[in-house]
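Peer 1: Provide a 3D model corresponding to the input given below.
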Amino acid sequence: MATRPATPSSIPSKLTANFVLPYSSELSGKELGILSVHEGKDVSKYFVSGGFAYVHANSFADIIAVEAVPLDHIDPNLVQKGLTDFTQKLSTASTDVEKAEAQIRIDVHSALNAALTG
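Peer 2: Alright, predicted model coming up:
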């Protein structure tokens, strides 16, 4: 993403949504959720699967995300199907590894669903 002038943006974090403002400096871990980038009156929303954000004292923010997908590129029908499929897999999982993998996929699909419907 290109460098932009300082504008308010929201970053999902573990406890709360943090806002990048012209006078703050902060490092935070990002959780699953929506990253909103405001440029003038335009707002671009991305689903991020986690990472870090560092807000510099000059209000520029560095976002390091494992994945960042524009929200309008996510198919709600596939999210619902994935949530149903992985819930089924969790109920039939026989090993701890299978259960953990299914639970991770449920968590991601639940966060995707919340991002799309929220």
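Peer 1: can you list the weak-confidence ranges in this structure?
Peer 2: Along the chain, segments meeting pLDDT under 70 span 1-30.
Peer 1: Could you list the domains of it?
Peer 2: The chain is divided into the following domains under automatic domain parsing: 9-72, 75-117.
Peer 1: Output the ones you listed in a markdown table; the columns should cover mean neighbour count.
Peer 2: For the C-beta atoms, the positions are set from N, CA and C on the backbone; glycine is no exception. Formatted as a markdown table, these follow (neighbours: other C-beta atoms under 10 Å):
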| stretch | mean neighbour count |
| --- | --- |
| domain 9-72 | 15 |
| domain 75-117 | 14 |
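Peer 1: For the protein, which segments count as helices?
Peer 2: When secondary structure is read from DSSP state H, the chain shows helices at 76-92, 96-117.
Peer 1: Looking at these, which is nearest to Val55?
Peer 2: helix 96-117 (21.9 Å; C-beta to C-beta).
Peer 1: elements contacting the closest one?
Peer 2: Judged by 3 or more C-beta pairs under 8 Å, 6 or more residues apart in numbering; DSSP states H and E, the packing partners of helix 96-117 are strand 33-39, strand 42-48, helix 76-92.
Peer 1: Which one, of these, ends up nearest to Ala61?
Peer 2: strand 33-39 (9.2 Å).
Peer 1: Just the CA atoms from that closest one would do, formatted as PDB, please.
Peer 2: Extracted in PDB, the C-alpha atoms of strand 33-39 (Å, rounded to 0.1, in the frame of the first residue of the first chain):
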ATOM      1  CA  GLY A  33     -11.200  -8.200  12.100                       C
ATOM      2  CA  ILE A  34     -11.700  -5.200   9.900                       C
ATOM      3  CA  LEU A  35      -9.000  -2.700   9.100                       C
ATOM      4  CA  SER A  36     -10.600   0.600   8.000                       C
ATOM      5  CA  VAL A  37      -8.500   3.100   6.100                       C
ATOM      6  CA  HIS A  38      -9.900   6.600   5.600                       C
ATOM      7  CA  GLU A  39      -8.800   8.800   2.800                       C
END
